[in-house]
Each structure stands twice: as structure tokens, then as C-alpha cells.
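Chemist: have a look; sequence and predicted model below, questions after that.
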Amino acid sequence: MSALSSIPVRVQSVSHGTANCGNAVPILHEVRHALERLIATGEGTQIDLNAIPFGPEDEAHLLAVLGVGEVRATIDALGPTHVQETAIPGVWLIDYRITEDQRLALHLDIGDIPEILRTQRQDLDTALTTLDARLTRAQGGAQFES
Amino acid sequence: MTTIADPMGFLLFTKGPLFNIAIAIFALGLAARLAEILLLGRRPNFAEPRAGEWLPGLRTVVTRTLPDPGTFKRAPFNVLTGLIWHVGFLVALLLFIPHIELIKGLFGVSWPGLPNPFVDLVTAVTLVALAATLVHRLTHPVKKRLSTIEDYLIWAVTFLVVLTGYLAYNRLINPYPLALGLHILTAELFLILLPFTKLTHIFTVFIARWYNGASFGRRGVQS
Amino acid sequence: MTTTKHRVGEHLRDQGVSRRAFLKFCTASASLMALPPGLIPAMAAALEQARRPSVIWLSFQECTGCTESLTRSHAPTVEDLILEMISLDYHHTLQAAAGEAAEAAREQAMKDNFGKYLLIVDGSLPGPDANPGYSTIAGVSNYAMLMEAVEGAAAVIAVGTCAAFGGLPEAAPNPTGAVAVMDLIKNKPLVNVSGCPPVPMVITGVLAHYLAFGRLPERDAYHRPLAFFGQSIHDRCYRRPFYDKGLFAETFDDEGARAGWCLYRLGCKGPSTYNACATMRWNAGTSWPIEAGHPCLGCSEPRFWDAGSFYAPLSVPTDLSSSRILTAGAAGALVGGTVATLARRTVATAATSRQPVTADELEQTL
């Protein structure tokens, strides 16, 4: 970084106003439609924000409008996944990241609870066997790490 | 070299060699026509002029460009659609930013353009007006008999230039290089035909209007 | 080979990948392929059952930029998973084996997986009529190697503009007689992943699609996957509102350039270029050329190298010369002047040779 910072480049700040976040507003309207559908039919919607041609300030503008809500959860599978309820109930922000903390995907999930937070049926298949094995080991006086 | 149906190759051909051929024919043909008209001139008039030529000449350039009430009353359709599509055509030709870039590239002069959605709307209106002129020409008993093959030819080439431009801007032909290539091709046809058909009026109309006024002025007649 | 019979789902579960991790992987892959998130459950089901295909990667007249791009794609975990789902049996830059051992590996893989392997090609190659000596591998001409390898391929992926359209080697005057892969292969499913280099996630996205659905994705007229090449840079550009408003940067350092206005006048080829840069971006999603203030060069299009100046607006002819117009105009004026002079002379001659005619003489001619 020392080599980079020694290059005498002065970043000139330009006030963009709302000019560079022209694509955030249509997404907010899409969220509104999805909410109406959720209320009317209970059907959820996922919006992949990576697929939207965002300008440099679009994402910040979108997240600022949506705000921060009550629930925050982190899933530790294939790197961290941060789930955050926004200030709008029913609108969730899901940030899929890899272990190096780089983003894989950023979704808006409009629904009661994001699917990835639920216990997965396929994992339930192993639930009983895992518990039984642990019970047997507990009766043998074993210690558990997690 | 890539494929036989090669839209990018077609676009590059229309933007390269074909453009050079078209613009050369256009420049040569137009200069020949104008030089001929201006050099031949008129028979010398030995009568003493009763008034000046310049002011009445310029006045007719304006008055004959604006629709006069009498003509409008007699042929409102001709005046209205004619005016609409001529203005629309000029707006699209001269105030669409990619066209301004082309003119700047050729002659080094440029001027501000209009926002694209506005030009798009004007183009759509122009297309409708042009289509209406054809329908009118085909159905009006007098116009129908007056029309020659040349009239239909220059209508077609004018309409196609505007239509392909509209289709290209709105991406209604895929792939885009084909759409843009078709637009450039029709524009080149327009350029090639211009000096040898009635399309020359683009350049002679104001000369003719000025001449009329000047001739009246010289004779002391109100222009 | 038992590994090729392995289903992706089993393979991942054996590695202790939980269902949530698998769903996350599917979400990332769907995002790569630009599939709507609603398709993720169907994709997860398909991917569970997918088999690991053998992949043979041939590099011809290329600069290795495409491989550089692929190996620097931004999501190592997911890339690793995708690359683990294929069996990359030959890639002469990446594989450990060299010389005869490498070629033997290629021949073995082609024999074992005949009719089933994926053939990836980067780089153009001298065509059948060109001197084959311009590019050879292990003494075999590129043309012969491609034709041999394509025999047993289930599908062909041409990676990069050189393989897809001929690219830089094919640019005028094309000294090596370079041709694109699609010029030679007509009887196999083929997908072109163009770009110089292609967006790395597009390469893996096509692979993920092939894994999940067992076939190549939907393609455009140039055989490019529509999911990534379906829309022009211009239509997906975040600077598009400025184009529509008529706000343009005129130079690289004016007010407009600083304010991030449209780069059309600086030669942006976005309107005629189809690629995924505007949404997928480069360098771990950091930015992309237009966001960095540089017009699009159109590198994912055929003949991009010969399509005129990178810095001339798209509407400007490739070979501009105002002196040519002036010459033509001068010639025209000369022609017009000659015609006018001749006409005057004809009129003058007619006037001098005019004979008076009486009414009686006229009557007689009737």
C-alpha cells in the first residue's frame, strides 16, 4: 500500500446528488409490489441485486431507504451469510459471502422468513442419527465441544 | 472472415468503403448540379431594375417557407403533414447526438443536440406523417395521376432512412450491428440518389425561393 | 472411471457440505448465470443429480489472458466447487504434467470419455488452407488437434474473442490465416464465451449451467449464452440515464467526465456490444471499464480490432477523410462547369446559325 499511496493522485470529490442512484428507485418500487403480493397471497419474492446495473451510489441509497430492523442472524456455511431484517417488516437483506469476506450474492427476500434460516428437511434426515449417537456418547460420559 | 451472415462485417462495410463511395458520389453529383445551375444562370436582363433584389429575395425565402393561409385553406392536409414530417426529419437529422458526432467528424463543426427520447418521439411522428403522405398520394385522384416512379422512389428511400433509424435506436432488429448497418446503408442510398432526383430540392429550394423574390423585386412587383 | 459416475450432490455431502451450504452454492451459481432467484430450488434439485464431466482444454493462438481471467475469478470457494465438479484432464498451462506425459493424458481422457467430454478452446487457429506451421503443439498443427479432439466431444466451448471470432490474430491483414472455432465446427453444440478476456464468472457460469442442466445454455446468433450476452452494455449501463438526457463527457478530463456522464462521444462501443460487464463487473465486482471512466472497446464483438478507432463515436465512419469529400466536390464542380460551358456554347452556336423562317415555309413543313 505504501507504494500505491506514494503516487500523488488527488481524488476530487464530486457531488453526484441523486444522479448516480437512478436505478435504486425502480427496485424500491419492485419491493413495494412484492410486499403487496406477500400481504395478499402470502407468496414471497427474491430479488438478486447482483443482476441490477447499479451505479456507485445505488446500493448505499437503496440500503439507506430500507433501513435496519430488529433481526440479525449469521449462518456459517461455505463462509458467512448475513441475514438482516430491514426497517420494513417482511423485507430481508441477505448478504452471501465467502470465507475471505468477499460477496457472492446480495439478495432482497420479501417474505416471512428467508428460506436459508429455516431448518432444512434434508438435514433433518440426519438429525435423529446425530442425536442418537450423541445420547449414546453422553451416557458414556463424553464431553461435547459443540 | 468469420461467418457468411456477418452483421459486424456488414456494419463495417457500410461504415467504411460504402460510406466513402456514397459521400464521394454525393459530393460530386451535388457540386456538378449546383455548379451547372449557378453557372448557367439566367438570360441577362438589360432592363433597368426598379428596386433592389436582395431584400425581396430574402423575404420570399421566409414567406414561401411559412404556410400561407390561402394554400392552407385549399390543401390543409398537404401543408400540415408536409410541415410536420419535414420538421421532424430535420430534427432527427440535425439534432440527434450520434448524427451531430458524424457531422463533427466530417466537417469539424458541431452544435448542441436534443435529448434522445425527444428525438425518438419526433421520429415516430415523422414516420406516421410520412406514411400518411403515401396513403394520400395513392388515394387522391389528382396526386395519383401526377405521381411518377421517381416520387415513389424518393418517398421510399426517405421513409426507409427514418424507419431503420427508429428500429435501430429502439433495438427492434437484432443483432444491433445489422440494425445500424441497415440504417447507414439506407442513408447512403439517400445520399447517392440526392443529387440526381427531386431530393436535390434540399439544396436548391432556398436558391429557387430567393430567385423568385429577387426577380419580383427587380421588376418592382410585391413578393 | 468411478469419479465421473459420482453425482454432485453425493460428492458434496461426502465432503460435509450442509444443505444450507449447498443452497448457498446454488444461489451463487444462479446469480452467476443470471437466473432469477425463483429458479434456485429447481436448480438445486438438478445439480444434486449432475455428473462430473471430463474437460479437455486446448489453447491455440492465444495470450493466456482467458485462463488468467478464469483463475482470478472472484469467488474462490464457489469456483473451487465448480472446478471440482469437472475433471479437468488436459490444460497445458495449468496441468502439472508436461511434454509427452501431457499429450498422453489428453489422448487417454479422449479415449475414456469418448462422446461425453467437454472441449474448451481458447485462441484462434490457422485455418485448413493456412500454413499450419504458424501454431503447433507437440508437433501437431492446431487444426489437426482440434479436429481430432472435436470427434468425441459432447459440446464445445470457445472461450475468448480469439476462439469465438478470430480476435486479434484474425485482425487485418491476418498473417496466420486465423479462423474462429465456429468456422470449423458445424456439427457439435457450440457456445462462444467472447470477451478479451471474457468475464471470469461467465466462463464458470456456462460450466455451472452445463452441470446443472446437462446441456449448453440458450444462445444468440453468435452462439453466445443469452443469460450473459442477451443485452447490450448500453442497455445495462448505469450511465444510460445521461445518454438519454443528452449529457456527455466531451474529453477525458472535463466536468462531464468527472460527473460520470455518458461516454458515447469518447467512442464508447456500448450500444453495439453485448456482454455482462455492466452487471457482473471485474476484479471481485469492484468496477468495470465504464465505471472507471473509459469507453467500452467492444471486445466481445466480432472484428472489434478492425472496427475503427476505439475513441471515435460509433456513428462516425471508420475511414474518415474530409479531403476526399472536397476532392469529389471539386471534381463535381468541374463537371458542372464543363456541362454549363458546353450548354452555353450550344446555345450560342444555335443563335449564330439561326435562319429566318417565313410563315409560308412553316406551313409547308406541316
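Modeler: Perfect, thanks for sending it.

Chemist: which residues touch the most far-flung residue of chain B relative to its centre?
Modeler: Taking C-alpha atoms, centre = their mean as the measure, the residue most remote from the mean C-alpha position of chain B is B:E48, 37.7 Å away. Listed by C-beta atoms under 8 Å, 6 or more residues apart in numbering or on different chains, the contact set of B:E48 is empty. Yep, even glycine has a C-beta here, placed from its N, CA and C like the rest.

Chemist: where does it land in three-state SS?
Modeler: Here B:E48 is recorded as coil under DSSP: H, G, I helix; E, B strand; the rest coil.

Chemist: tell me the pLDDT at the residue of chain B found nearest chain A?
Modeler: Of all residues in chain B, B:P117 sits closest to chain A, at 14.3 Å by C-beta to the nearest C-beta. What the model reports as pLDDT for B:P117 is 88.

Chemist: how many neighbours does it have?
Modeler: Number of residues near B:P117 (other C-beta atoms under 10 Å in any protein chain shown) recorded here: 12.

Chemist: wait, a strand at it?
Modeler: No: checked against three-state DSSP, B:P117 lies outside a strand; its state is helix.

Chemist: how about it, nearest residue that isn't a chain neighbour?
Modeler: The shortest distance from B:P117 to any non-neighbouring residue, by C-beta to C-beta, 6 or more residues apart in numbering or on different chains, is to C:D244 (5.8 Å).

Chemist: please apply the same query to C:F165.
Modeler: Per C-beta to C-beta, 6+ apart, closest to C:F165 is C:P302, 4.1 Å.

Chemist: now do C:L35: how many residues are near it, please.
Modeler: 23.

Chemist: report the secondary structure state of it.
Modeler: Under three-state DSSP, C:L35 comes out as coil.

Chemist: what about it, distance to chain A?
Modeler: Distance from C:L35 to chain A, counting by C-beta to the nearest C-beta, to the nearest Å: 8 Å.

Chemist: residue contacts, that residue?
Modeler: With C-beta under 8 Å, 6+ apart, C:L35 has these contacts: C:M43, C:A227.

Chemist: assign A:I47 to helix, strand or coil.
Modeler: Classification of A:I47 using three-state DSSP returns strand.

Chemist: my guess is it contacts A:H107. True?
Modeler: Yes: with contacts defined as C-beta atoms under 8 Å, A:I47 counts as touching A:H107 at a distance of 6.5 Å.

Chemist: residues near C:L184, how many?
Modeler: The tally of other residues near C:L184 (other C-beta under 10 Å) stands at 16.

Chemist: I meant to write B:T148 there.
Modeler: 8.

Chemist: and it, what pLDDT?
Modeler: 92.

Chemist: ok, and what's touching the strand or helix carrying C:L70?
Modeler: In this assignment (DSSP states H and E), C:L70 forms part of helix C:65-71. With contact meaning C-beta under 8 Å, 6+ apart, helix C:65-71 is reached by C:59, C:91, C:93-94, C:122, C:159-160, C:163, C:196-200, C:203-204.

Chemist: and chain A, which of those residues contact it?
Modeler: Within the set of the contacts of helix C:65-71, contact with chain A (C-beta under 8 Å from any C-beta of the partner chain) is found for no member.

Chemist: quick revisit: neighbour-wise, which of A:I47 and A:H107 wins?
Modeler: Between A:I47 and A:H107, A:H107 has the larger neighbour count (other C-beta under 10 Å), namely 24 against 18.

Chemist: quick one, strands of chain A?
Modeler: For chain A, strands defined by DSSP state E occupy the ranges A:45-48, A:72-76, A:80-85, A:91-97, A:103-110.
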